[in-house]
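>>> with the input below, show me the fold.
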Amino acid sequence: MERYTDALPPSCVPGAGARQPAPAHLGDMLDSLTDGFMSIDRSWRFTYLNHTAERYLQRKRENLLGRDIWECFPDLVGSGYQHIYRQTAATGRPGQYTGYYPALGAWFEARSFAHDDGITVLFRDVTQEHEQAAELEFEARHDYLTGLYNRRECMEVLARAIADAGSAGATQGPTLAVLFIDLDHFKEVNDACGHVAGDGLLRDFASRLRALLDPDVFAARVGGDKFVLLLRNTTQDAAEALAHAVLGELAPPFETCGRSISLSASVGIALLNDASESAGTLLSEADTAMLAAKSSGRFQVRVYDEALDRGMRERLALRMDLPEAFAANQFQLHFQPKIAIADAAPIGAEALLRWRHPVRGLLGPQVFLDVLLKSPYEGVLVGWLLDAVCRQIEEWKKMEVPIARISFNLSPRQLLTVGLVDKILDSAAAHGVSPAMLDVEVTEDSLVGDIEKAMAVLAVLRQAGISTSLDDFGSGYSNLGYLVRLPIDMLKLDKSFVHALLDSDKASAVIRGIVALARSLGMKTIAEGVESQSQLAELQGIGCDLVQGNLFSRPLDSDAFAQFVLQRQ
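Okay, the predicted model is just below:
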């Protein structure tokens, strides 16, 4: 066994009395060092430790001097510290190592130097510096609010995952899935409760997400109320199952600012089918699928495909065409007659929006209305619609076309537009139209968002002489409790009931009950989507007042509608 016969400083070495003691001031100087200082002889025994070394090692030096370092600190055996100490002793070259020493619960940086009698070690506690560096690294990779990974880390991890999938040479379906989660109507929460409450909700959602996910699922907040999940070695079914599980986690209300708030989300899924795709492309595809889910009514899950991408590009193109559509007056109205069952006489019509697109031709509302209502032009449409309806009634009056009433549809936000009733009355007065010739159609979802405010608007419409209809009754919430409170003149039975009328006794019973309820509340009923004489006969037997559908006429332009009415006089 190799042995060290000398020590630093000599006065501290047992059995070294024959040597001259070190100057007194040397010990004072070493004790004043902010670094720990220790000397070890060739037999790995401590020959000197300064005060800082005592403090760091939490041991008195009189209990260490002359003793074997590996016996005193057995946790060092096999560590990086032992490696550099032995390397310095064997080669004479300085060594350096930084690591965590569990026995003392601290990070130490140690530097070893050789001398004739052994080695000297300078070491210092770098726990604070390490924690600060770790904190900076964490902040660089994580979202400050939720603790999830951030967008930068998301892109890096996604890029690595795509590269790994490519190198694995997978050929049997997708192995990588990206889920893009966007909370629905979250801006309304911030507006109503403030950003502090909104931040709290985001943290709570992130906590629910962490509790739901397996450890191997990567989760990131990529901005605002948008989150991304990354699944490796997965399938489309597994990705969709996770997406629905996320929606399920949102079902229980969140508690904030003294109230319960329900949240929903729209989820888009993109699957890696080609390892040549970039991280940005895959994330964009998931985002596109999420937007499609949101457009489908929210609280939905959609998987990206090329057809969906084409649809989103078409929607974007239509959105970009909206300014020119209004400027060039490309919108127009078609009118579907409303027929009284008692005598088959036309008593009015529903005004339906059409877009005469210069490239794509005549477009129905199913193609563009959702884009329009989610654009800055939703408010512009109200003014255009009111003017177009009233101007058309004025023209028909000049042509002596007998029209009792024309209805037009308003979205939930349009119904609650400030000054709506005044705008309707102003348009009617400008064209010499009686308010009684106008009917506002609203859907059930126009009411449930803020039913008290909606009821107030409907009441003012009635006071002004404008009638109102509840469209698509039965397709939404169908809350009979609020129905008795609504100032509504007409119930429109959803066409799904009419189509099921001849095949289902339940459909007939439901319509019969709705008609009876409406009559007891002083409302009339109209069935839409009537396409056969059998449906008409059944509705007549039930006691429905009016019908609307292709059995009598498809929607007509203004001239054709005028001819339709005049021919039935």
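>>> how many neighbours does residue 185 have?
13 (other Cβ atoms under 10 Å). Every C-beta, even on glycine, is put in place using the N, C-alpha and C of the backbone.
>>> next up, phi/psi of it, please.
phi 60, psi 30 (degrees, to the nearest 10).
>>> same deal with residue 267?
Backbone phi and psi, for residue 267 under degrees, to the nearest 10, turn out to be phi -120, psi 130.
>>> just the pLDDT at it, thanks.
Here, the pLDDT recorded for residue 267 equals 94.
>>> could you list the low-confidence segments of the stretch 401-550 of the chain?
445-450, 474-482 (pLDDT under 70).
>>> now the strands for it?
405-409, 438-443, 467-473, 490-493, 524-528, 546-548 (DSSP state E, counting those that start in this stretch).
>>> residue 213 is nearest to which of the ones you listed?
Closest to residue 213 of those, according to Cβ to Cβ: strand 438-443, at 37.2 Å.
>>> low-confidence stretches in this structure?
1-25, 168-174, 192, 445-450, 474-482.
>>> buried ones in the longest strand along it?
If you go by DSSP state E, the chain has its longest strand at strand 346-357. Across strand 346-357, burial judged by 16 or more other Cβ atoms under 10 Å covers 346, 347, 348, 349, 350, 351, 352, 353, 354, 355, 357.
>>> same check on stretch 87-102?
In stretch 87-102, counting by 16+ other Cβ under 10 Å, buried: 87, 88, 89, 95, 97, 98, 101.
>>> now do the helices in the stretch 301-450 of the chain.
Counting by DSSP state H, counting those that start in this stretch, residue ranges of the helices within the stretch 301-450 of the chain are 306-327, 365-373, 378-398, 412-415, 420-430, 445-448.
>>> sheet partners, orientation included, of the longest strand of the chain?
Here strand 346-357 is paired, per DSSP bridges, with strand 331-340 (antiparallel), strand 361-363 (antiparallel), strand 405-409 (parallel).
>>> ok, back up a step: redo the strands of the stretch 401-550 of the chain as JSON lines? Include distance to residue 429 and mean neighbour count.
As requested, the strands of the stretch 401-550 of the chain are exported to JSON lines (distance: least, Cβ to Cβ, whole Å; neighbours: other Cβ atoms under 10 Å):
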{"stretch": "strand 405-409", "distance to residue 429": "16", "mean neighbour count": "22"}
{"stretch": "strand 438-443", "distance to residue 429": "12", "mean neighbour count": "23"}
{"stretch": "strand 467-473", "distance to residue 429": "18", "mean neighbour count": "22"}
{"stretch": "strand 490-493", "distance to residue 429": "24", "mean neighbour count": "26"}
{"stretch": "strand 524-528", "distance to residue 429": "27", "mean neighbour count": "24"}
{"stretch": "strand 546-548", "distance to residue 429": "28", "mean neighbour count": "23"}
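>>> can I get the ones you listed in TSV including distance to residue 143?
Shown next, in TSV, are these (distance: least, Cβ to Cβ, whole Å):
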stretch	distance to residue 143
strand 405-409	42
strand 438-443	38
strand 467-473	41
strand 490-493	47
strand 524-528	49
strand 546-548	52
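>>> closest to residue 126 out of those?
Using Cβ to Cβ, the nearest of these to residue 126 is strand 438-443, at 65.7 Å.
>>> may I have the closest one exported as PDB, CA atoms only?
C-alpha atoms of strand 438-443 as PDB (Å, rounded to 0.1, in the frame of the first residue of the first chain):
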ATOM      1  CA  LEU A 438     -91.400  42.600 -39.300                       C
ATOM      2  CA  ASP A 439     -90.600  39.400 -37.300                       C
ATOM      3  CA  VAL A 440     -87.300  38.700 -35.500                       C
ATOM      4  CA  GLU A 441     -86.300  35.100 -35.400                       C
ATOM      5  CA  VAL A 442     -83.900  34.000 -32.600                       C
ATOM      6  CA  THR A 443     -82.600  30.600 -31.600                       C
END
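>>> what's the neighbour count on residue 494?
21.
>>> oh, that last question was meant for residue 565, not what I typed.
For residue 565, using other Cβ under 10 Å, the count is 22.
>>> now do the SS call for it.
helix (DSSP: H, G, I helix; E, B strand; the rest coil).
>>> quick revisit: right, and the strands paired with strand 346-357 - which one's nearest residue 279?
Here strand 361-363 is closest among the strands paired with strand 346-357 (Cβ to Cβ), at 36.2 Å.
>>> which residues does the residue most central in space within the chain bridge with?
Nearest residue to the geometric centre of the chain (Cα atoms, centre = their mean): residue 182, 0.9 Å. Under DSSP bridges, the beta-bridge partners of residue 182 are residue 226, residue 266.
>>> numbering from 714 from now on, please.
That works, and once the first residue is 714, the last one we named lands at residue 895.
>>> closest to residue 1281 among the buried residues of strand 1059-1070?
Once Cβ to Cβ is applied, the member of the buried residues of strand 1059-1070 that ends up nearest residue 1281 is residue 1059, at 5.7 Å.
>>> ok, now how distant is that closest one from residue 1098?
The gap separating residue 1059 from residue 1098 is 22 Å, by Cβ to Cβ, to the nearest Å.
>>> how close does the closest residue in space to residue 1107 that isn't next to it in sequence get to residue 1111?
Counting by Cβ to Cβ, 6 or more residues apart in numbering, residue 1107 lies nearest to residue 1144, which is 4.1 Å off, once chain neighbours are set aside. Distance of residue 1144 to residue 1111, computed by Cβ to Cβ: 11 Å.
>>> can you pull the contacts of the closest residue to residue 838 other than its chain neighbours?
Using Cβ to Cβ, 6+ apart and skipping residues adjacent in sequence, the residue nearest residue 838 is residue 819, 5.3 Å away. When the contact criterion is Cβ atoms under 8 Å, 6 or more residues apart in numbering, the partners of residue 819 are 769, 813, 838, 840.
>>> show me the beta-bridge partners of residue 819.
residue 814.
>>> now the one 5 residues further on
The bridge-partner assignment for residue 824, based on DSSP bridges, gives residue 809, residue 835.
>>> how near is it to residue 834?
7 Å.
>>> so between these two, which is more surrounded?
residue 834 (23 against 17).
>>> dump the residue contacts of the more buried one.
Per Cβ under 8 Å, 6+ apart, neighbours of residue 834: 749, 750, 751, 752, 753, 798, 823, 824, 825, 826.
>>> go again using 10 Å as the cut-off
Applying Cβ atoms under 10 Å, 6 or more residues apart in numbering to residue 834 gives the contacts 748-753, 762, 766, 782, 794, 797-798, 801, 808, 823-826.
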